[in-house]
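# this one's structure only:
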Ligand SMILES: [Zn+2]
């Protein structure tokens, strides 16, 4: 039995979790900083880094309490070492290495996106492979073919803004505050998705996406039709984003012969996206896996799960390893 | 016997020392070149081995809390508070400018630690020195290097400038009649001075719960400054 403490501080969530043998989640604690960043309309790296330092010890303690465990029972300490915000990553990496030293146990540095992929196995260890995974958040929009742990191919991604970034920008344009995802999702439920025919950029061009033009389109639409209900604009914008994401996810599934469609990342909490991915899976005879929000957003459980696999494959990470803000996903072609 | 681990990463260096029973056991200070996170934990592990100690032997962790460059500072403070909480021992949190001044008690002049803050600015403070040790004259502040050098000249007494700030901003400190810039040996904090300070503070009952320790940033983030400027 291997008990892993996973720590995640790559962006604006300070998170820690205890996972046994890579699948058994004993605790999963997430302290979100969203309120600290709200007035700036986005994540401020220096504010995030300071908050991680203040929160990290408490989050680790709560993760152990929730798991009814003591530090002495921890066999491995893991942390996200990239990609992410440099100063933010260093808090989690420093905390994990400090614990590894005190406990005299291995340290494992984990790739943040690989961890998001592992969230699928946490939700369903028996998920049918290969999977076509859409990782979608404020920081990433990525289409990944997953043949198994450690066997990933990135088939597409955004050429400019991440989908979550597009939500935040449009929310700012419409005066809806930050973060944009939940409020647009809520308003869109009462609006008409066919009210405005926003373009679906690059819809039929491979598996990459582009969302930067959508914000401009929303600004122009507001200027042209200032009296159109905001709910209709939200619904139409959201439909354009979701259409594009679902279309490319199906393209990814076809390209890799996926048996299952999977969502991950903060935007995976979006109700319209979840519904449309489930419909698309049913329509194409595939399974669907929509992990619960606590496993989709940045969390420590996925870090511990990925660390379990990495430790088996590569062994511990040396203690002179730092953080790599631009770390790339290890791909096997 | 009280055993102490001392850490300072608030400057260009990674400083680590161990002390026990009132004496310094080992101390090293190495240039880090922005690799504080890579170097710190392996350095602590190596010094513990040198001293024949294990983490569980520690009774307190002492740390320099800045001001200094944010990234290095956070690596040191995070490491200190996480180790201390895991070991259930207190933290002795010492302002970095006090650490820089401490070794110059015998000098007799005003001692001014000045640390490079980038963007043509420095962190600084002033202390008196004498047989009773160094005593703080002014609080830590941040500002343009030339302004701080002007303020030191205006004190009207002879001043010993320590820390890396003068070397980082030579034009601001050159040709000042009453300022003497100390040599490179006084440019970064001595982790041994941190051990000594920790012995004193622990004897005086001055130690913190790890979760009460906060770095001294002295500067807000650019986003906060811009936001405040936009509103005023
Ligand atoms: Zn993420």
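Yep, it's here. Everything quoted here is computed from the prediction, not taken from an experiment. Numbers count the residues shown, from 1 in each chain, chains lettered A, B, ... in the order given.
# residues near residue B:45, how many?
18 (other C-beta atoms under 10 Å in any protein chain shown). Yep, even glycine has a C-beta here, placed from its N, CA and C like the rest.
# Residue A:276: neighbouring residues, count only.
With other C-beta under 10 Å as criterion, residue A:276 counts 18.
# in which helix or strand would I find it?
Assigned by DSSP states H and E, residue A:276 falls within helix A:271-283.
# Give the rounded mean pLDDT of that helix.
Helix A:271-283 shows a mean pLDDT of 97.
# Same check on stretch B:106-118?
Stretch B:106-118 comes out at a mean pLDDT of 96.
# Show me what counts as buried in it.
Neighbour-count burial for stretch B:106-118 flags B:107, B:109-117 (criterion: 16 or more other C-beta atoms under 10 Å in any protein chain shown).
# Tell me the one of those nearest chain A?
residue B:117 (14.0 Å; C-beta to the nearest C-beta).
# contacting residues around the closest one?
Residues near residue B:117 by C-beta atoms under 8 Å, 6 or more residues apart in numbering or on different chains: B:67, B:69, B:123, B:142, B:165, B:219.
# max-length helix in chain B?
helix B:70-87 (DSSP state H).
# And whichever helix or strand comes after that helix, what's buried?
Going down the chain from helix B:70-87, the next helix or strand is strand B:91-94, by DSSP H and E. Neighbour counts over strand B:91-94 (16+ other C-beta under 10 Å) mark B:91-94 as buried.
# Then stretch B:116-131?
Neighbour-count burial for stretch B:116-131 flags B:116-117, B:121-129 (criterion: 16+ other C-beta under 10 Å).
# Narrow those to those in strands?
B:116, B:121-128 (DSSP state E).
# which one of these is nearest residue A:136?
residue B:121 (40.6 Å; C-beta to C-beta).
# For the closest one, give its distance to residue B:157.
24 Å (C-beta to C-beta, to the nearest Å).
# now swap in residue A:152 and tell me
Applying C-beta to C-beta to residue A:152 and residue B:157 gives a distance of 66 Å.
# higher neighbour count, these two?
residue A:152 (23 against 10).
# tell me the contacts of the closest residue to the ion within the stretch 51-200 of chain A?
Closest to the ion within the stretch 51-200 of chain A is residue A:137: 5.0 Å, counting by C-beta to the ion. Residue A:137 makes contact with A:162-164, A:265-268, A:297-298, according to C-beta under 8 Å, 6+ apart.
# If we use 7 Å, what do you get?
A:162, A:164, A:265-267 (C-beta atoms under 7 Å, 6 or more residues apart in numbering or on different chains).
# what two of those have the greatest distance between them?
A:162 and A:266 (9.8 Å).
# any shared contact partners between the two?
Counting by C-beta under 7 Å, 6+ apart, the residues touching both residue A:162 and residue A:266 are A:137-138.
# so who does the spatially most central residue of chain B touch?
Taking C-alpha atoms, centre = their mean, the centroid of chain B lies closest to residue B:96, which sits 2.0 Å from it. Each residue near residue B:96 by C-beta under 7 Å, 6+ apart is listed here: B:8, B:10, B:64-68, B:115, B:189.
# What sits closest to residue A:32 if chain neighbours are left out?
Spatial nearest neighbour of residue A:32, excluding adjacent residues (C-beta to C-beta, 6 or more residues apart in numbering or on different chains): residue A:13 at 5.3 Å.
# Mind pulling the model confidence for the residue in chain B that chain A sits nearest to?
Using C-beta to the nearest C-beta, the point where chain B gets nearest to chain A is residue B:221, with a distance of 3.5 Å. For residue B:221, the model assigns a pLDDT of 82.
# Please tell me I have it right and it contacts residue A:48.
No - using C-beta atoms under 7 Å, residue B:221 is not in contact with residue A:48; the gap is 9.4 Å.
# higher neighbour count, these two?
Taking neighbours as other C-beta under 10 Å, residue B:221 and residue A:48 compare with residue A:48 leading, 24 against 18.
# what sits up against the helix or strand harbouring that one?
Under the criterion of DSSP H and E, residue A:48 resides in helix A:45-66. Identification of contacts with helix A:45-66 by C-beta under 7 Å, 6+ apart yields A:5, A:7, A:9, A:11-12, A:14-18, A:27, A:29, A:31, A:33, A:36-37, A:70-71, A:85, A:87-88, A:91-92, A:95, A:300, B:70, B:74, B:77-78, B:81-82, B:85, B:210-211, B:221, B:223.
# show me where chain B has strands.
According to DSSP E, the strands that chain B contains are B:3-8, B:13-20, B:23-31, B:60-64, B:91-94, B:110-116, B:121-128, B:135-144, B:159-162, B:179-181.
# burial count for residue A:15?
Residues near residue A:15, counting by other C-beta under 10 Å: 30.
# Do you know the pLDDT at it?
For residue A:15, the predicted pLDDT is 98.
# Relative to the whole chain's centre, how far out is whichever helix or strand it is part of?
Taking DSSP H and E as the criterion, residue A:15 maps to strand A:13-20. Using C-alpha atoms, centre = their mean, to the nearest Å, the distance from the centre of strand A:13-20 to the centre of the chain it belongs to is 15 Å.
# for stretch B:55-67, same thing?
In terms of C-alpha atoms, centre = their mean, the centre of stretch B:55-67 is set 13 Å apart from its chain centre.
# Chain B contacts on the stretch 51-200 of chain A?
Residues of the stretch 51-200 of chain A lying close to chain B by C-beta under 7 Å from any C-beta of the partner chain are A:53, A:56-58, A:71, A:87, A:90-91, A:93-95, A:97-99, A:101-102.
# Buried ones among those residues?
A:53, A:56-57, A:71, A:87, A:90-91, A:93-95, A:97-99, A:101-102.
# which two in these are spaced the farthest apart?
For those, and using C-beta to C-beta, no pair is farther apart than A:71 and A:87, which are 25.7 Å apart.
# Would you indicate which residues of stretch B:191-200 are buried?
Neighbour-count burial for stretch B:191-200 [16+ other C-beta under 10 Å]: B:191-199.
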